[in-house]
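> Provided below are the primary sequence and the corresponding predicted coordinates.
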Amino acid sequence: MTQCLCCQGNYDAYVKTRSELEEHQMKRYNWEKDQMQHMKDYIARFGHGSAKLARQAQSKEKVLAKMVAGGLAEKVVSDKLVQFSFPDCGSVPPPVIMVQNVSFRYQPDKPLIYRNIDFGVDLETRVALVGPNGAGKSTLLKLIDGELVPTDGVIRKHAHVRVGRYHQHLKDHLDLSQSALQYMLSCYPEDKDEEDMRRSLGMYGLTGKQQICPIRNLSDGQRCRVIFAWLAFRRPHLLLMDEPTNHLDMETIDALASAINGFEGGIILVSHDFRLIRQVAREIWVCEKQGIHPWKGDILDYKAKLKKKIDK
Ligand SMILES: Nc1ncnc2c1ncn2[C@@H]1O[C@H](COP(=O)(O)OP(=O)(O)OP(=O)(O)O)[C@@H](O)[C@H]1O
């Protein structure tokens, strides 16, 4: 299970430690840079001078080589300030999605994951779906998205609704030889405007270089951002987010939270990150015992209940 990030104290401590480390690294980088420049200037000026000066220059050359061999501090390059946002999706009148008497099992000889579940989703929906591992949270998102078909019952969708589902496996399907920009252009061939695509990728914190280098050279976190950019470009009315915080650092998670809060559509979030849930969810639904049950309290009450259960 992903570590719970509820505790603000931990987060503050993390930010403080990180900025102290960065400050130290930057000081060391600047000092080394100055020293090296000084030695290089000396070598350039006196390397071919009198025997004494040339000897001193040689000795500086050795010091310089030793510094390089010992490993130099890298310049602190903070990731571009990330400010996610999901574009205006326009409105779709309710009911946007109706889940009616749905039962589901993966195979005929397997137990039901859901039995007769019934609920509606619209653009006001801001739900965090929680529950034990294996209860069926991801399965529900796949059913709503249409990747899975109910064994019984129906899921009705408004004809014009655009659903955007984010999950971890999307990044595993990226063509690693393509750049993020090529990927976007191939996904949206009708939108050939490179500038638009670049703006979108840039909005998700990918620098110009990162947009055009092969995806293979990007970190997992950067690949996730490519997926967020792809998702946002679809202008979904309903976001189905399955563990969106994996591979994201805390600043990016906060950027995601504020993007969700600024989003005008609906969202169903599956996450083990209670800190994100606390920031964005208006309702908690518990997925267990083949059903979906609205939770009366907030996510902290739910967390307390889990803890009580473990302590018993
Ligand atoms: N393709 C599949 N075929 C058969 N069984 C599956 C398949 N996918 C998932 N399951 C099973 O269905 C159940 C529900 O899985 P699901 O991934 O929806 O649970 P979850 O609540 O999202 O779990 P977690 O919190 O661990 O991600 C699990 O027992 C899982 O093993």
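Structure received.

> Please, which helix or strand holds Ser103?
strand 97-104 (DSSP states H and E).

> Residues of the chain that sit close to the ligand?
Residues of the chain lying close to the ligand by C-beta under 6 Å from any ligand atom are 106, 113, 131, 133-139. Just so you know, the C-beta spots here come from the backbone N, C-alpha and C atoms, and that holds for glycine as well.

> Buried among those residues? Make that a ChimeraX selection.
Buried residues among the residues of the chain next to the ligand (16 or more other C-beta atoms under 10 Å), as a ChimeraX selection:
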select :113,131,135,136,137,138,139
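
> circling back: pull out the buried positions in the strand holding Ser103.
97-99, 102, 104.

> Leu256: which of these is nearest?
Using C-beta to C-beta, Ile97 comes nearest to Leu256 of these, at 22.6 Å.

> rewinding a little: could you say what helices and strands the helix or strand following the strand holding Ser103 packs with?
Sequence order places strand 114-121 as the next helix or strand after strand 97-104, per DSSP H and E. Secondary-structure packing of strand 114-121 (3 or more C-beta pairs under 8 Å, 6 or more residues apart in numbering; DSSP states H and E): strand 97-104, helix 137-145, strand 152-157, strand 291-295.

> any idea of the mean pLDDT in the third one?
Strand 152-157 shows a mean pLDDT of 96.

> angle of the helix or strand that contains Val127 against strand 114-121?
Assigned by DSSP H and E, Val127 belongs to strand 126-130. Interaxial angle, strand 126-130 versus strand 114-121 (axes from the mean of the first three to the mean of the last three C-alpha atoms, to 10 degrees): 160 degrees.

> Strand 126-130 pairs with which strands, parallel or anti?
Using DSSP bridges, the strands paired with strand 126-130 are strand 266-270 (parallel), strand 283-288 (parallel).

> ok so, going back, what's the mean pLDDT across the strand holding Ser103?
What strand 97-104 shows for mean pLDDT is 97.

> With stretch 288-296 instead?
For stretch 288-296, mean pLDDT rounds to 95.

> Quick one: end-to-end length of that stretch, please.
One end of stretch 288-296 sits 15 Å from the other (C-alpha to C-alpha, to the nearest Å).

> Buried ones in it, by neighbour count?
Those would be 290-292, 295, for stretch 288-296 by 16+ other C-beta under 10 Å.

> what does that stretch rub up against?
Stretch 288-296 is contacted from outside by 112-115, 117, 119, 129-132, 135-136, 140, 283-287, 301-302, using C-beta atoms under 8 Å, 6 or more residues apart in numbering.

> just checking, Arg275 touches Leu248?
No. Between Arg275 and Leu248 there is no contact, the gap being 11.8 Å when judged by C-beta atoms under 8 Å.

> Okay, now the unreliable bits of the stretch 1-150 of the chain?
Counting by pLDDT under 70, the stretch 1-150 of the chain has low-confidence residues at 1-20, 22, 75-82.

> For Phe119, grab the count of nearby residues.
14 (other C-beta atoms under 10 Å).
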